[in-house]
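# fold the following.
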Amino acid sequence: MSGQSAKSVLGYNPISDRIISIRLQAKPVNISIIQVYAPTSSVDEKIINYFYQELHETITVIKPQRSNLEKNHAMGRFGLGHLNERGEKLVDYCIENDLVLTNKLFQQHPRQLYNWVSPDAKYRNQIDYILIRHRWRSSVKVAKTYPGADCGSDHQLLTAEIRCKLKIVKRDVLPRRYDVKQIHDQYRAEVRNSFKKCRAPWISDKVVALADVRRQIKPNGLHNERDRSQYKHLRRSIQRVTRQDKRTFLERKCREIESHFVNNHSRDFFKALKEITGKRAVKLNVVKDGDGAILTESHQIKDRWKEYCQRLYDSKDADQVTKAIEPNILRSEVEFAIKKIKNRKTPGHDDIPAELLKETGDEGITLMHNVT
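Next comes the predicted model:
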């Protein structure tokens, strides 16, 4: 997802190795997206039925809906080729769950309809689909494939343009801390790098050059064995070189971290450690109900917390808890606590750093003691 879309994420749920769902906050209603990798036609029928059962449970948990959809409304009029047995099963599933195949809604050139080409380049099939509720069918502006897109797969890139308005989920913003000693160098570096293409720090120019060569092959179409073989060879080479570059980068960073640790440079140690461990995980405002289903709506989350607290305090053990009376806090204790606070630490909700508390002197200690 793009950085802007990621701000609207309410939660996600990896159901299985074939199904994953994500919930986005939007207007006028929230949006659920389900990514599915369906079994091929060569798989046993029991696996197919289990897959559709699991998918049906996923959709039902999100929002069950009654369907009065007809077959021609679910399919559209602009498909490619003829339906086989698996295609008929997919259409029946769409009718049952009030879904529409967006690929078949718009009249396109056949090149923008097929999304898979057989190894001998004799057959072009439409086997990947984007489904949407029939209620929101008019929100889909266009759905088509991009045969020339370099996506590192023998399938063609399938996209859909949908009208929707996402809302940013309000989360606690961590204060940004600057290294005053390096601010001038950082500013010049950011200005210089703002004109460069953003990429991972371990990706070398060799990988970029190989990706450019691979990108030039895909638009011409992989129509012969030579082009397909060259494309696969470049894809494997990019993966191999990228792994080598990342391994070299991590080894260099580990040596740097070890050097900071040995020399007791704690600030540089944690800064370098954060570079390889990643950014702080985004806190998702989701909870699970009693059956384990993920709740993303605010009113559902509030009801779940209400139910949890009622069960917690209605238990028999709650009557046995006794509240101990603690003595008042002494002024000397407040003074000792303020002096023991470490400098250069992230402030709390009041955004008051430790350095300011220490600079208040006796008056500040007295004021803090009166507050307690």
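# quick one: residue 273 from residue 261, how far?
Note on residue 273: its distance to residue 261, by Cβ to Cβ, to the nearest Å, is 9 Å. (Each C-beta comes from the backbone N, C-alpha and C, glycine too.)
# tell me which helix or strand comes right after the lowest-mean-pLDDT helix or strand in the chain.
Within the chain, no helix or strand scores below helix 183-193, which has a mean of 53 by mean pLDDT, DSSP states H and E. Going down the chain from helix 183-193, the next helix or strand is helix 205-217, by DSSP states H and E.
# now stretch 146-156: buried residues?
146, 147, 150, 156 (16 or more other Cβ atoms under 10 Å).
# how about residue 305, what does it touch?
residue 287 (Cβ atoms under 8 Å, 6 or more residues apart in numbering).
# so how far is residue 295 from it?
From residue 305 to residue 295 the distance is 10 Å (Cβ to Cβ).
# ok so, going back, least confident of the buried residues of stretch 146-156?
Of all the buried residues of stretch 146-156, residue 150 has the smallest pLDDT value, namely 78.
# is it true that that residue touches residue 215?
Yes - the pair residue 150 / residue 215 is scored as a contact, 4.3 Å apart, by Cβ atoms under 8 Å.
# ok now stretch 330-341, how far from the chain's centre?
Chain-centre distance of stretch 330-341: 44 Å, with Cα atoms, centre = their mean, to the nearest Å.
# quick one: the helix or strand hosting residue 235 to helix 205-217, angle?
According to DSSP H and E, residue 235 maps onto helix 225-262. Calculated by axes from the mean of the first three to the mean of the last three Cα atoms, to 10 degrees, helix 225-262 forms an angle of 160 degrees with helix 205-217.
# what comes up buried for helix 225-262?
With the criterion 16+ other Cβ under 10 Å, helix 225-262 contains buried residues 228, 231, 234-235, 237-238, 241-242, 245, 249, 253, 256-257, 260.
# can you lay out the residues you listed as TSV showing pLDDT and distance to residue 55?
Below are those laid out as TSV (pLDDT from 0 to 100; distance: Cβ to Cβ, whole Å):
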residue	pLDDT	distance to residue 55
228	81	32
231	84	32
234	88	35
235	87	30
237	91	36
238	90	33
241	91	38
242	91	33
245	91	38
249	90	40
253	90	42
256	92	47
257	91	45
260	90	49
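# redo these as TSV? Include distance to residue 79.
Shown next, in TSV, are the buried residues of helix 225-262 (distance: Cβ to Cβ, whole Å):
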residue	distance to residue 79
228	26
231	28
234	33
235	30
237	37
238	34
241	40
242	38
245	43
249	47
253	51
256	56
257	56
260	60
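# the nearest residue to residue 246 once chain neighbours are set aside: what's it in contact with?
Spatially, and ignoring its direct neighbours in sequence, residue 246 is nearest to residue 202 (4.4 Å; Cβ to Cβ, 6 or more residues apart in numbering). Contacts here follow Cβ under 8 Å, 6+ apart; on that basis residue 202 touches 242, 245, 246, 248, 249, 250.
# how many neighbours does the nearest residue to the last one once chain neighbours are set aside have?
This means residue 250. Leaving aside its chain neighbours, residue 250 sits nearest to residue 276 (6.2 Å; criterion: Cβ to Cβ, 6+ apart). As a burial measure, residue 276 scores 14 neighbours (other Cβ atoms under 10 Å).
# returning to that earlier point: overlap in contacts, residue 305 and residue 295.
residue 287.
# need phi/psi at residue 100.
phi -130, psi 140 (degrees, to the nearest 10).
# who touches it in this structure?
69, 73, 74, 76, 94, 131, 132, 133, 134, 137.
# now those in JSON lines, with secondary structure, neighbour count and distance to residue 329?
Putting those into JSON lines (DSSP: H, G, I helix; E, B strand; the rest coil; neighbours: other Cβ atoms under 10 Å; distance: Cβ to Cβ, whole Å) gives the following:
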{"residue": "69", "secondary structure": "coil", "neighbour count": "16", "distance to residue 329": "67"}
{"residue": "73", "secondary structure": "helix", "neighbour count": "15", "distance to residue 329": "70"}
{"residue": "74", "secondary structure": "helix", "neighbour count": "23", "distance to residue 329": "69"}
{"residue": "76", "secondary structure": "coil", "neighbour count": "17", "distance to residue 329": "71"}
{"residue": "94", "secondary structure": "helix", "neighbour count": "21", "distance to residue 329": "66"}
{"residue": "131", "secondary structure": "strand", "neighbour count": "18", "distance to residue 329": "61"}
{"residue": "132", "secondary structure": "strand", "neighbour count": "18", "distance to residue 329": "60"}
{"residue": "133", "secondary structure": "strand", "neighbour count": "17", "distance to residue 329": "58"}
{"residue": "134", "secondary structure": "helix", "neighbour count": "18", "distance to residue 329": "64"}
{"residue": "137", "secondary structure": "helix", "neighbour count": "14", "distance to residue 329": "64"}
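# circling back to that earlier point, next, format the contacts of residue 202 as JSON lines and append distance to residue 17.
Formatted as JSON lines, the contacts of residue 202 follow (distance: Cβ to Cβ, whole Å):
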{"residue": "242", "distance to residue 17": "24"}
{"residue": "245", "distance to residue 17": "28"}
{"residue": "246", "distance to residue 17": "24"}
{"residue": "248", "distance to residue 17": "31"}
{"residue": "249", "distance to residue 17": "29"}
{"residue": "250", "distance to residue 17": "27"}
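# list just the nearest of the residues you listed to residue 116.
When those are compared for distance to residue 116 (Cβ to Cβ), residue 242 comes out closest, at 25.9 Å.
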